[in-house]
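Undergrad: This is the structure alone, sequence omitted:
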């Protein structure tokens with residue numbers, strides 16, 4: 001599948017973006033080709049934009065990738081999801097505590113804190129799902145959107161801060177804005193993908209927005225955590241840890257998606273149930289949570305041997321009783337035992353009963369006269 005070629009440009013451009021962002025902290029300003037920090041920020045954004053364009057082109061050209069994906073066991077994503085859940089819960093609780101203790105209650109801060117707590121619950125469920133391969137994510141379709149809503153709230157707050165300064169100002173944190181743009185779009189399509197919701201390009205969008213999201217999140221988070229790490233108030237470093245863990249989590253999921261994604265020829269879609277089943281060339285693995293439709297009648301019935309092997313009484317309540325055996329000779333019992341009937345043995349026609357009335361005795365005089373006049377039938381002589 002052509003979509004997997006997005007890794008070719010993603011790896012070198014991500015390394016370059018992380019290096020350029022860290023160079024702003026480690027090296028003096030202007031040490032890299034005389035570029036100041038603001039120009040280096042735009043170069044980092046340019047690297048992410050190139051990754052985005054390359055992924056978009058490869059995904060648009062790809063016609064074989066399936067539009068559905070069934071999650072597999074991924075221990076790296078599971079551990080990162082649980083760590084991210086802990087950091088989000090700590091950050092949300094700290095924001096609520098600071099807001100109520102200081103008396104400066106901001107509606108945007110409260111909403112962000114609540115979304116952080118809900119997002120932590122989502123990542124706990126996702127972490128356990130990745131670790132134990134749980135297939136019930138399609139039941140939490142709406143709840144999985146919480147990380148995308150959190151990124152949307154932080155995107156709005158970052159945009160509000162940028163409106164107070166000039167885009168050419170060195171204090172303008174432009175990279176953070178693009179971090180949440182790509183992360184928001186990825187987590188929305190990620191929720192659609194793992195929830196098995198019917199969407200046309202959800203899996204492709206995970207590649208399109210996931211790769212630039214990793215580039216921006218890792219570059220921005222690592223540089224700011226290194227430069228602005230606060231040893232006095234550990235909770236103030238939580239947003240940078242969240243950004244780094246989000247980038248690593250997306251990276252782990254993209255790696256899983258690249259390895260296990262199927263093309264559309266190996267996926268049977270259940271039209272009305274929005275579920276699907278992955279079919280291999282050699283063997284068919286049937287997941288009990290999914291319903292496969294669109295098969296021919298012959299495929300549903302199987303071979304005649306399989307039909308004969310079916311137990312017709314399966315699903316019914318019945319009891320098997322053993323036949324009682326005895327040493328005595330069995331008595332002859334007919335199939336009509338138990339019914340209100342009586343079997344009468346008929347005499348043999350070749351051995352007539354002498355007491356049985358003859359043919360002529362059963363005819364009246366008028367019938368006998370008709371038979372004699374007709375002459376066609378000769379009455380038997382009575383003995």
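TA: It's in. Computed from a prediction, not measured in an experiment: that's the story for all the values here. Numbers count the residues shown, from 1 in each chain.

Undergrad: Where do the domain boundaries of this protein fall?
TA: Annotated domains of the chain cover 67-213+221-261, 263-309 [automatic domain parsing].

Undergrad: which regions of this structure sit below the pLDDT cut-off?
TA: Applying pLDDT under 70 to the chain picks out residues 133-141, 166-172, 266-366, 368, 374-383.

Undergrad: Now the top helix by length along the chain: buried residues?
TA: Looking across the chain with DSSP state H, the single longest helix is helix 75-102. For helix 75-102, a neighbour-count test (16 or more other C-beta atoms under 10 Å) marks 76-96 as buried. C-beta here means a position set from N, CA and C on the backbone, and glycine is covered the same way.

Undergrad: which other helices and strands contact it?
TA: helix 107-132, helix 238-260 (3 or more C-beta pairs under 8 Å, 6 or more residues apart in numbering; DSSP states H and E).

Undergrad: out of the ones you listed, deepest packed?
TA: helix 238-260 (a mean of 21; mean count of other C-beta atoms under 10 Å).

Undergrad: which residues sit against that one?
TA: With contact meaning C-beta atoms under 8 Å, 6 or more residues apart in numbering, helix 238-260 is reached by 4, 7, 69, 71-72, 74, 76-77, 80-81, 83-84, 87-88, 90-91, 94, 147, 179, 183, 186, 190, 203, 206-207, 210-211, 213-214, 216-218, 220-222, 224-225, 228-229.

Undergrad: do that again at 7 Å, thanks
TA: 4, 69, 72, 74, 76-77, 80-81, 83-84, 87-88, 90-91, 94, 179, 183, 186, 190, 206, 210-211, 213-214, 217-218, 220-222, 224-225 (C-beta atoms under 7 Å, 6 or more residues apart in numbering).

Undergrad: Then stretch 40-47?
TA: Residues outside stretch 40-47 that contact it (C-beta under 7 Å, 6+ apart): 13, 16-17, 20-21, 23-24, 32, 174-175, 178, 215, 219.

Undergrad: Can you give me the buried ones in that stretch?
TA: 40-41, 43-45, 47.

Undergrad: Just confirm residue 198 is within a strand.
TA: No. Residue state for residue 198 (DSSP: H, G, I helix; E, B strand; the rest coil) corresponds to coil; a strand is not indicated.

Undergrad: now it: how far from residue 142?
TA: 15 Å (C-beta to C-beta, to the nearest Å).

Undergrad: where does residue 34 land in three-state SS?
TA: At residue 34 the chain is in coil, as set by three-state DSSP.

Undergrad: And the strands in the stretch 151-300 of the chain?
TA: Counting by DSSP state E, counting those that start in this stretch, the stretch 151-300 of the chain has strands at residues 267-270, 275-278.

Undergrad: How about the backbone phi and psi for residue 74?
TA: phi -140, psi 100 (degrees, to the nearest 10).

Undergrad: cool, residue 65 as well?
TA: According to degrees, to the nearest 10, residue 65 has phi -70, psi 140.

Undergrad: what's around it, how many residues?
TA: Counted with other C-beta atoms under 10 Å, residues neighbouring residue 65 total 21.

Undergrad: Residues in a beta bridge with it, which ones?
TA: residue 263 (DSSP bridges).

Undergrad: Thanks a lot, catch you later.
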